[in-house]
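Undergrad: predicted model and sequence follow; I will ask about them next.
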Amino acid sequence: MEQPPQPVQFPGRISRRLSLALTAIIAMVLLVGGISLALAIRISRINDAVDRENAHIQITDQIQTTFQRISFELHQMHAAGWFDRKEDVQRLHQDLTRHLETFRDLHRGQENFPEEQQELALFAELRESVAQLRTLTDRMLTASGRGWRLGPMDLAQLNVTSHQVARKADDLNTIHRLKVTRLLQASQGMMRAIVALYLGFLLVGGALVAVASVVFTRGIAVPLRALADAALGIAEGRLEERVAVRSPNEIGQLSHAFNVMADRLQGRERDLRAAHDQLEQKVRETQTLYRIGTEILGLHQLDRILQSGVEKARELLRSEAAALCMLTQEQDELVAVATSGPADAFRSASPPATRDLRAGRTAATPGDLEAHIPRCTVMQPEFLRAHLAAPVRRGETVIGMICVCSREPRAFTAADRDLLGGLATQAAIAIENARLYEEVRSLATLEERERIARGMHDGLAQALGLLHMKLRRAEEQSAAAGPSPAADGLREMAAITAGAYEEVRQSIFGLRTMVSRGLGLIPTLTEYLHEFSAQNGIAVELEVADGRPIHFSPASEVQLIRIIQEALTNVRKHAGASHAWVRLHREDPWVQAAIEDDGRGFEPATLTSPARLHFGLQTMRERAEGLGGKLEIDTAPGHGTRIIAILPGET
């Protein structure tokens, strides 16, 4: 199972940076706004101060103007004698007093400034001049009420006071104008500071926007674009798409999570493909096993079924060569019965099998150290670098092995073992099915031969026996009457019926002599030869070379017994022998059966003479050739006869 990826720490840097950036922006805005507000308040206060200074200047001008009007009125009163303007002068003095109080009130709220003492001194002098003017005015008004005129000194003092007031008013206005100039300069400086502050704010803001744009593009937009492209690639089936984890932040965490997701998707896709491939392989294997099973049920030729199974094993297991080997009846040697692959992959002969094969385990190389089935003994060593074998069983008995191999090393899976085991099972079923089919045919033949033998015994043999008995009785009656041609004819007919009866009896004996009681070929032949010797007075010996067991298929056993029976019938009827031998000799893959007698023999040339019919020999030859073998005859007059049947044996 795929291990989950180890968790990767991604500190939340973007959110923290965004928070810090937002805090910095807010702080900058607040700072700029605060400074701007403070400067604006300061400018507003400066404007108020300028307004106050302007008010001072206006009041000073009003004081000077009022003072000058009073001086003018007094001069007019003195020069023209306009004494009726007394009330106007008093009203002007009231205005002058009010202006002085206003000036004083305005001066109370102002801030300290360098010319403050000078202004206070000038204001005090101005008040003093106003007081002098008030005194002079009162004296003049009093004098005018009595009809007096002002003296030259009073007029001179009035003029001096007027000039002093004008000068002092100008000095005060100069001070206030200087203050206004200074305030305006301060206000302009603050305005320049505000402009510089806003320009700096704009520059810093623009720089921050540019930096933020670059940072956003590189740190967020580009990775998100890469993520979007990779996600689109995943959606289009390109599961190998990945994105680079550029930084340990949320974008990096998202990229890492995307890569983990893509890895898992790719792993799931690989698993699905592997499962799909396995399913297709299973379907092909099932179809192959089904076809082989169908062929088995169709009772096709065994060699074709086994050859098809071997070819399917090589194809499905993607191997270079495959072979199906069967153990000999002695279970000491493996013989290849079907192969698939290049001819140079197989040996001409196989070494003896080992007991590990009979243990029935499945072997695979390389990597399977627990299995002990030997590598295929029919393969050349260079083809065994990758090797898989499975036993072919009949029940619990191992009867062979199917194997696949290649020159390139590879590891076989459990599914490969199961498939080869299934093919081995199908091969075993095919072999067993063919064997059972052959046994059924053999049993059917045996039953038919038994039926024929029974019919001959109950019909023809009984009729010949009865005919022979009646002919013998008629012969005896005729002989009692004296010699006559009729008696001789009856004697000949009795002899013929006796011979025919003997032939029928031998035929019945031959039909009933089959490998039908589970005794095997050699015991059956031994029993038959013993009965033949007892019935015919000819000693027959059975010899098996090297004591090696001889095995044939059921059909071949029937034909071999029939050849031996036909040959011994010829010995009984024609050889005049007293002794005969049946010798069996095995030279794989052939078995040689020789029937030899010590009789009179005959001229070999007569075998091809049209004047002599040899139906028995011809029948034996046809039987041997029908099994894929041949029949040889070795004879000479006075030297007996030897008939040699060479037949293919069974492993």
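TA: Now that the structure is in, tell me what you want to look at.

Undergrad: go through the protein and flag its longest helix.
TA: As assigned by DSSP state H, the longest helix anywhere in the chain is helix 13-80.

Undergrad: beyond it, next helix or strand please.
TA: helix 86-108 (DSSP states H and E).

Undergrad: and stretch 211-231, end to end?
TA: Stretch 211-231 has an end-to-end distance of 28 Å (C-alpha to C-alpha, to the nearest Å).

Undergrad: repeat for stretch 206-226
TA: End-to-end distance of stretch 206-226: 28 Å, with C-alpha to C-alpha as the criterion.

Undergrad: how far off centre is stretch 220-239?
TA: Counting by C-alpha atoms, centre = their mean, to the nearest Å, stretch 220-239 is centred 22 Å from the centre of its parent chain.

Undergrad: no wait, stretch 40-56
TA: Worked out by C-alpha atoms, centre = their mean, stretch 40-56 lies 85 Å from the chain centre.

Undergrad: send the alpha carbons of that stretch over as CSV?
TA: This file holds the C-alpha atoms of stretch 40-56, laid out as CSV (Å, rounded to 0.1, in the frame of the first residue of the first chain):
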residue,chain,number,x,y,z
ALA,A,40,-4.1,72.0,8.4
ILE,A,41,-5.0,72.9,12.0
ARG,A,42,-1.8,74.8,12.3
ILE,A,43,-2.5,76.6,9.0
SER,A,44,-6.1,77.3,10.2
ARG,A,45,-4.6,78.8,13.4
ILE,A,46,-2.2,80.8,11.4
ASN,A,47,-5.1,82.1,9.3
ASP,A,48,-6.9,83.0,12.5
ALA,A,49,-3.7,84.8,13.7
VAL,A,50,-3.5,86.6,10.4
ASP,A,51,-7.1,87.6,10.7
ARG,A,52,-6.4,88.9,14.2
GLU,A,53,-3.4,90.8,13.0
ASN,A,54,-5.4,92.2,10.2
ALA,A,55,-8.0,93.2,12.8
HIS,A,56,-5.2,94.8,14.8
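
Undergrad: tell me the angle the longest helix of the chain makes with helix 86-108.
TA: 160 degrees (axes from the mean of the first three to the mean of the last three C-alpha atoms, to 10 degrees).

Undergrad: give the rounded mean pLDDT of stretch 223-243.
TA: Taken as a whole, stretch 223-243 has a mean pLDDT of 83.

Undergrad: now it: buried residues?
TA: Neighbour counts over stretch 223-243 (16 or more other C-beta atoms under 10 Å) mark Pro223, Ala226, Leu227, Ala230, Ile234, Leu239, Glu241, Arg242, Val243 as buried. (C-beta placed from N, C-alpha, C; glycine too.)

Undergrad: with stretch 460-476 instead?
TA: Neighbour counts over stretch 460-476 (16+ other C-beta under 10 Å) mark Ala461, Leu464, Leu467, His468, Leu471, Arg472, Ala474, Glu475 as buried.

Undergrad: show me these that map onto strands.
TA: Taking DSSP state E, every one of the buried residues of stretch 460-476 sits outside strands.

Undergrad: Throw those residues into CSV and include pLDDT, thanks.
TA: Converted to CSV, those look like this (pLDDT from 0 to 100):
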residue, pLDDT
Ala461, 72
Leu464, 76
Leu467, 80
His468, 74
Leu471, 78
Arg472, 78
Ala474, 80
Glu475, 76
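
Undergrad: can you tell me which of these is nearest His579?
TA: Ala461 (29.0 Å; C-beta to C-beta).

Undergrad: just the buried residues of stretch 460-476: which are in helices?
TA: Using DSSP H, the buried residues of stretch 460-476 in helices are Leu464, Leu467, His468, Leu471, Arg472, Ala474, Glu475.

Undergrad: show me the contacts for the closest residue to the last one other than its chain neighbours.
TA: Translated: Glu475. Leaving aside its chain neighbours, Glu475 sits nearest to Leu490 (4.0 Å; criterion: C-beta to C-beta, 6 or more residues apart in numbering). Counting by C-beta atoms under 8 Å, 6 or more residues apart in numbering, Leu490 touches Leu471, Ala474, Glu475, Ser478.

Undergrad: so which helix or strand takes in the last one?
TA: Under DSSP H and E, the secondary-structure element containing Ser478 is helix 462-481.

Undergrad: residue nearest the centroid of this protein?
TA: By C-alpha atoms, centre = their mean, the chain has its centre lying nearest to Arg270, at 1.3 Å.

Undergrad: packing partners of the helix or strand containing that one?
TA: Under the criterion of DSSP H and E, Arg270 resides in helix 250-297. Contact partners of helix 250-297 among helices and strands, from 3 or more C-beta pairs under 8 Å, 6 or more residues apart in numbering; DSSP states H and E: helix 13-80, helix 222-235, helix 302-316, helix 414-455.

Undergrad: most tightly surrounded among these?
TA: Mean neighbour count (mean count of other C-beta atoms under 10 Å) peaks for helix 302-316 among these, with a mean of 20.

Undergrad: run the angle between that helix and helix 250-297 for me.
TA: Interaxial angle, helix 302-316 versus helix 250-297 (the same axes, to 10 degrees): 170 degrees.

Undergrad: before we move on, the earlier item: packing partners for the longest helix of the chain?
TA: Packing contacts for helix 13-80, counted by 3+ C-beta pairs under 8 Å, 6+ apart, involve helix 86-108, helix 116-146, helix 152-216, helix 250-297.

Undergrad: what residues sit buried inside the shortest one?
TA: By neighbour count with 16+ other C-beta under 10 Å, helix 86-108 contains the buried residues Lys86, Val89, Leu92, His93, Asp95, Leu96, His99, Leu100, Thr102, Phe103.

Undergrad: would you reformat these as a markdown table and include distance to Leu199 and pLDDT?
TA: Formatted as a markdown table, these follow (distance: C-beta to C-beta, whole Å; pLDDT from 0 to 100):
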| residue | distance to Leu199 | pLDDT |
| --- | --- | --- |
| Lys86 | 65 | 71 |
| Val89 | 60 | 75 |
| Leu92 | 55 | 78 |
| His93 | 56 | 78 |
| Asp95 | 51 | 81 |
| Leu96 | 51 | 77 |
| His99 | 46 | 77 |
| Leu100 | 48 | 77 |
| Thr102 | 43 | 79 |
| Phe103 | 42 | 75 |
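
Undergrad: include distance to Ala605 when you put these into a markdown table, please.
TA: Output for the buried residues of helix 86-108, formatted as a markdown table (distance: C-beta to C-beta, whole Å):
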| residue | distance to Ala605 |
| --- | --- |
| Lys86 | 203 |
| Val89 | 199 |
| Leu92 | 193 |
| His93 | 195 |
| Asp95 | 188 |
| Leu96 | 190 |
| His99 | 184 |
| Leu100 | 186 |
| Thr102 | 180 |
| Phe103 | 181 |
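
Undergrad: wait, Asp154 sits on Thr137?
TA: No - between Asp154 and Thr137 there is no contact under C-beta atoms under 8 Å: 10.3 Å.

Undergrad: neighbour count: the two, which is higher?
TA: Counted by other C-beta atoms under 10 Å, Asp154 and Thr137 do not tie: Thr137 has more neighbours, with 22 against 16.

Undergrad: show me what contacts the more buried one?
TA: Contacts for Thr137 (C-beta under 8 Å, 6+ apart) come out as Ile70, Leu74, Val89, His93.

Undergrad: so which of those comes closest to Leu126?
TA: Distances from Leu126 to those, taken by C-beta to C-beta, are shortest for Ile70, at 13.7 Å.
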